[in-house]
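Peer 1: Make a model of this:
(2 chains)
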Amino acid sequence: MVDILHEIEAAVPALRRYARALTRDFDRADDLVQDCLERALAKRGLFRPKGPVRAWLFTILVNVHRNSLRGARRRGDMVDFADIAEPSVPAPQPGHMALAELDRAIGTLPHEQKEALLLVTLEGLPYAEAAAILDIPLGTLMSRLGRARAALKAMTGTPSEPHLRTVK
Amino acid sequence: MSEITRDTLMAYADGALSPAERAEVDAYMADRPDAAGEVALMQRQANGIRTLYGPISAEPVPPRLSVEKLLQTQQKRRGRAWMRLAAAVIFIGLGLGSGWLLRGQMDVPNIADRLIADAVSAHTVYVSENRHAVEVGGADSEHLSSWLSNRLQTSLAMPDLSASGLTFLGGRLLPAPEVPGGRAAQLMYEDASGARLTLYVTPSPGPDTPTYELANLGLDTALFWADAVISCTITAPYPADKLQEIARTVFTQLNPATPDYET
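Peer 2: Numbers count the residues shown, from 1 in each chain, chains lettered A, B, ... in the order given. Below is the predicted model of the structure:
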């Protein structure tokens, strides 16, 4: 019992990181993590999660986030001021990714692509584990990752191609 | 690996391939700069994402996300939930119990049952109070009588039950959503042994009300009686025959205008 609490505590920084990248909103991200922790703590007495505690927590976080999106969709989506496209940004230096631009591009990804991309790149999870957390087949995970990367490529431009901006 | 697809390149970039598969992709990319560029781009994207959001995990965790704190609030909440659950179980039990006890009288309009239930709830709550059992003490009987009469819009005398060994403690006004006017008066009496009896008096709930009902509720007995002007439920930890005897005294005094009570 005690070690599961330690394991939960140890996962909090990663949960915050993932939630913040998903929402790109400080308070909403911590709200999601708090929800996630409350559920985990309430459930921990009922069953011992199979597999690593961390993956179990990410599963809860993903579900809390999906639920919150369902609620938000009903109320009408909130658009972050920072997400509104700015007039042209100077082309990034060759070989260097313009981080602010990448951040904005990630914000525009459909959430199912975003949750997949961030689990694999930011959290460094193996494909199989990410697919299990998202409760999708491996093939679906890979196609979401592929589409997310293609979208980022189109939105951020690449050093090898002329810098094109897609206007949404 | 027979064919190298975009997915293979992506898996390579994400480090999801076995060493043997990696070697195969390395060989494939050696003479395909476009594939190598694709992989490099995917790696740059991943690096960019880690640079952007990676440092968040090094930030100090705010107190509201402290596991210890969340656990404490949850235990507190759970304690309250248990109490609510216990209360719900008791009330459901009371409800089922009174339903069972009143089962033989299911054909009567249930307004009487609801009034008896209200009376018994009020009885249970207030007889267990020591200092706040009543709102206005029995010493101020005249004031109580005019106050409750005004509130109930009917003339209400405070019955004297000293002949049955009961001292008048006082009374209080209670909400009674079941009846016109929405108010009830509760009068409380106590015998020498400390047992308490309450009268729950409301304006008459309507012409269809049954005039008499007796309910045995475990330790307590409740006796309901109604006429065109008022309804009254007597609740006390007495056997039915003793309660009926007291009821006779109550009804003649409570509302002198009503005809004699008959069992």
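Peer 1: list the helices and strands the helix or strand residue A:5 falls within packs on?
Peer 2: Using DSSP states H and E, residue A:5 sits within helix A:2-23. Packed against helix A:2-23, as judged by 3 or more Cβ pairs under 8 Å, 6 or more residues apart in numbering or on different chains; DSSP states H and E, are the following elements: helix A:26-43, helix A:53-75, helix A:111-121, helix B:33-53, helix B:67-101. Using the backbone N, CA and C atoms, a C-beta is placed for each residue, glycine as well.
Peer 1: from the chain's centre, how far out does the helix or strand just after the shortest one sit?
Peer 2: Scanning forward in sequence from helix A:111-121, with DSSP H and E defining helices and strands, the next element found is helix A:127-134. With Cα atoms, centre = their mean, to the nearest Å as the basis, the distance from the averaged C-alpha position of helix A:127-134 to the chain average is 13 Å.
Peer 1: circling back to that earlier point, make a markdown table out of the helices and strands packed on helix A:2-23 and add mean pLDDT.
Peer 2: Shown next, in a markdown table, are these (pLDDT from 0 to 100):
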| stretch | mean pLDDT |
| --- | --- |
| helix A:26-43 | 89 |
| helix A:53-75 | 81 |
| helix A:111-121 | 95 |
| helix B:33-53 | 92 |
| helix B:67-101 | 77 |
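Peer 1: quick revisit: going by neighbour count, which residues of the helix holding residue A:5 are buried?
Peer 2: A:4-5, A:7-8, A:11-23 (16 or more other Cβ atoms under 10 Å in any protein chain shown).
Peer 1: What's the mean pLDDT across that helix?
Peer 2: For helix A:2-23, mean pLDDT rounds to 89.
Peer 1: for the lowest-mean-pLDDT helix or strand in chain B, packing partners?
Peer 2: Across the helices and strands of chain B, mean pLDDT, DSSP states H and E gives its lowest value to helix B:67-101, namely a mean of 77. Contact here means 3+ Cβ pairs under 8 Å, 6+ apart; on that basis helix B:67-101 packs against helix A:2-23, helix A:26-43, helix B:111-127, strand B:212-217.
Peer 1: what about 7 Å?
Peer 2: helix A:2-23, helix A:26-43, strand B:212-217 (3 or more Cβ pairs under 7 Å, 6 or more residues apart in numbering or on different chains; DSSP states H and E).
Peer 1: which of the helices and strands packed on helix A:2-23 sits most buried?
Peer 2: helix A:111-121 (a mean of 23; mean count of other Cβ atoms under 10 Å in any protein chain shown).
Peer 1: got the angle for it vs helix A:2-23?
Peer 2: Per axes from the mean of the first three to the mean of the last three Cα atoms, to 10 degrees, the angle that helix A:111-121 makes with helix A:2-23 is 120 degrees.
Peer 1: Give me the contact status of helix A:111-121 with chain B.
Peer 2: Yes - Helix A:111-121 is in contact with chain B by Cβ under 7 Å from any Cβ of the partner chain, via A:118, A:120-121.
Peer 1: Can you tell me which residues in the stretch 51-200 of chain B are near chain A?
Peer 2: Near chain A, when you scan the stretch 51-200 of chain B using Cβ under 7 Å from any Cβ, you find B:51-53, B:56-57, B:61-62, B:64-65, B:67, B:70-71, B:74.
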